[in-house]
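1. what's the 3D shape of this:
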Amino acid sequence: LGIGGMQLFAAEAPGPSADKLKPRITDTAKRLWFIYVGLTFAETILLYLAGMGLFDAVNHSLSTLSTGGFSTKNASVAFWNDNPLVQYITILFMFLAGTNFVISY
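-> Residues are numbered from 1 along each chain as shown. Predicted structure coming up:
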């Protein structure tokens with residue numbers, strides 16, 4: 001990204017210091033992608049094991065982590081009111097998706 005990209009990164013990245021997370025921004029982007037894919041996969045598996053169908057689990061995982069709030073059902077997550085585990089998993093991953101992973105490097 002060069003000098004301008006690094007200045008933009010330093011202005012947008014929250015945290016106690018503006019140091020580089022890794023030597024290259026591309027390495028940081030790859031690491032964040034791995035975190036996102038890992039969380040998506042983990043939530044999909046947990047929702048599937050909690051009683052959601054695979055299609056619904058994948059869609060709700062993608063929606064939860066991107067904080068889109070979309071659902072495959074008209075009642076959204078309330079469709080699974082008889083299974084509170086689905087809602088607990090969704091709440092946990094909403095929290096994790098909003099977590100700042102910059103500080104954990």
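
2. Verify the contact between residue 71 and residue 62 for me.
-> No - using CB atoms under 8 Å, residue 71 is not in contact with residue 62; the gap is 11.1 Å. Yep, even glycine has a C-beta here, placed from its N, CA and C like the rest.

3. Low-confidence stretches in this protein?
-> The chain contains residues with pLDDT under 70 at 1-4, 6, 9-10, 13-23, 101-105.

4. In it, which helix is the longest?
-> helix 25-50 (DSSP state H).

5. Just the buried residues of that one, please?
-> 28, 35, 39-40, 43-44, 46-48, 50 (16 or more other CB atoms under 10 Å).

6. got it, and stretch 80-90?
-> Neighbour-count burial for stretch 80-90 [16+ other CB under 10 Å]: 80, 86, 89-90.

7. what's in contact with it?
-> The contact list for stretch 80-90 (CB atoms under 8 Å, 6 or more residues apart in numbering) reads 43, 46-47, 50-52, 60, 64, 77.

8. and if we set it to 6 Å?
-> Here stretch 80-90 makes contact (CB atoms under 6 Å, 6 or more residues apart in numbering) with 46-47, 50-51, 64, 77.
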